[in-house]
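**Q** Give me the fold of what follows.
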Amino acid sequence: VGNENVKGVVHLETDQDYGRNSDDSSGADKGTDNMVVEVKWAYLQVADMLIPNLTATMGLNAYYFPMVVDNDFAMTQLAYDFGMGKAIFTYIKIDELDKDETTATGDTKRDDAQAYAIDLPIKAGSINIRPGFLYITSGANAALGFDLDDDGTADLTTSKAKLYNAALNVNGDFGMVGLDLTGAYL
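**A** Presented below is the predicted three-dimensional model:
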């Protein structure tokens, strides 16, 4: 829903297959009265906010950078369109674990995790060049999941984290041939 400057988006999804065995956790019955529908995205986007060509987006939305991140987050994003490209700053809230940030003894929990992303997609003819930088930080008591031993399960760490990721994506469409290259360093 929206007009020329303001847009509100709600995107729902279901994570179950219709018609499968409902005893299976991945299955839903053949009716439409299942309790498997969830909110995937819910955000408000305002274009030309305060400054021409500046767009602000807030809410639950997707953030994607090839080989680096492809997920839905609670986030705030500012994007400035300068013609041949955009400068995009994104604040991503990964975990906001407790409303009450202090323990019974008065200590601060410091269990939140967030990320700051800057990327600069530039269009040069039929080639798109997108450098990006991602900084992830968390408090000492945050539980971030990492697959440290490549077994497919998340190994939880509970230590203060500061992660930096620099990446470059180049893609293009040349008719019958396409190009998509990404390099990332964490």
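
**Q** Give the ranges of residues in this structure that sit below the confidence cut-off.
**A** By pLDDT under 70, the weakly predicted segments of the chain are 17-35, 97-103, 106-111, 140-159.

**Q** what's the residue closest to the geometric middle of it?
**A** Tyr63 (3.1 Å; C-alpha atoms, centre = their mean).

**Q** and that one, what are its bridge partners?
**A** On the basis of DSSP bridges, Tyr63 is bridged to Asn71.

**Q** Next one: it from Leu168, what distance?
**A** Using C-beta to C-beta, to the nearest Å, Tyr63 is found at 17 Å from Leu168. Every residue, glycine included, has its C-beta placed from N, CA and C.

**Q** Could you do Asn3 as well?
**A** Separation of Asn3 from Leu168 (C-beta to C-beta): 36 Å.

**Q** Between those two, point out the one with more neighbours.
**A** More crowded of Asn3 and Leu168, by other C-beta atoms under 10 Å: Leu168, with 15 against 7.

**Q** The more buried one: which element?
**A** Assigned by DSSP states H and E, Leu168 belongs to strand 161-174.

**Q** Give the pairing partners of that strand; include direction for each.
**A** Going by DSSP bridges, the partners of strand 161-174 are strand 127-138 (antiparallel), strand 177-185 (antiparallel).

**Q** For Lys40, which of those is the nearest?
**A** Taking C-beta to C-beta, strand 127-138 is the member of the strands paired with strand 161-174 nearest to Lys40, at 21.8 Å.

**Q** How far does the closest one sit from its chain's centre?
**A** Put simply, strand 127-138 sits 12 Å off its chain's centre (C-alpha atoms, centre = their mean, to the nearest Å).

**Q** Which stretches in the chain count as strands?
**A** Counting by DSSP state E, the chain has strands at residues 6-14, 17-18, 27-28, 37-46, 54-65, 69-81, 86-95, 113-119, 122-124, 127-138, 144-146, 155-157, 161-174, 177-185.
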